[in-house]
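>>> Got a predicted structure here, sequence first:
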Amino acid sequence: MGVSVERYVAVVGFGQFYGRKIFKPDQIVKLVKEPNNPFDDEAIRVEIEPVGQVGYVANSTATVPRGCHSAGRIYDTFEQHCYGIVRFVTKETVIVELLDKIRMQIFLLETCDLHQLS
């Protein structure tokens, strides 16, 4: 089952990792289920490559802003992980739009010495 378009979540707990300054608008983040999390059965961690974990998707009525979905609300809409794009960064929270069926591609660029071409 894919993730619906125009769905938003809030990232919380970033103060325990790298802070909010690591987030930039239009940045791609990976949302990964944590089924064995001892504190939350529907925990979803947020990762930025190559840094790693940078927070969690909000899952409490006290931390989910109006217009956003909780981790529990989106938990069953994807398999093990999905992707999102940072839309807003404020002092208190980071808002991420969930992306539907994104395909990540890695391009390797080879550099060559221009002198070798002559």
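Right, received. Where do you want to start? Numbers count the residues shown, from 1 in each chain.
>>> Distance of A10 relative to R45?
A10 is 14 Å from R45, where distance means CB to CB, to the nearest Å. Where you see a C-beta, it was placed from the backbone N, CA and C, and this is true even at glycine.
>>> Equivalent analysis for K24, please.
From K24 to R45 the distance is 19 Å (CB to CB).
>>> More neighbours: these two, which one.
Neighbour count, other CB atoms under 10 Å: between K24 and R45, R45 has more, with 21 against 10.
>>> Restricting to C-alpha, output the helix or strand where that one lies in CSV.
According to DSSP states H and E, R45 maps onto strand 44-48. Written as CSV, here are the backbone C-alpha positions of strand 44-48 (Å, rounded to 0.1, in the frame of the first residue of the first chain):
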residue,chain,number,x,y,z
ILE,A,44,8.8,5.8,13.2
ARG,A,45,12.4,7.2,13.2
VAL,A,46,13.5,9.9,10.8
GLU,A,47,16.9,9.6,9.1
ILE,A,48,19.0,11.8,6.9
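>>> what's the neighbour count on the residue nearest to G67 when sequence neighbours are not counted?
Computed as CB to CB, 6 or more residues apart in numbering, the closest residue to G67 that is not its neighbour in sequence is Y8, at 6.2 Å. Y8 has 17 neighbours, counted by other CB under 10 Å.
>>> Kindly report the same for the one 3 residues further on.
By other CB under 10 Å, the residues close to V11 number 27.
>>> Repeat that for A62.
For A62, the neighbour count with other CB under 10 Å is 6.
>>> Helix or strand next in line after whichever helix or strand I74 is part of, which one?
Element membership for I74, per DSSP H and E: helix 71-74. The first helix or strand that comes after helix 71-74 along the chain, using DSSP H and E, is strand 81-89.
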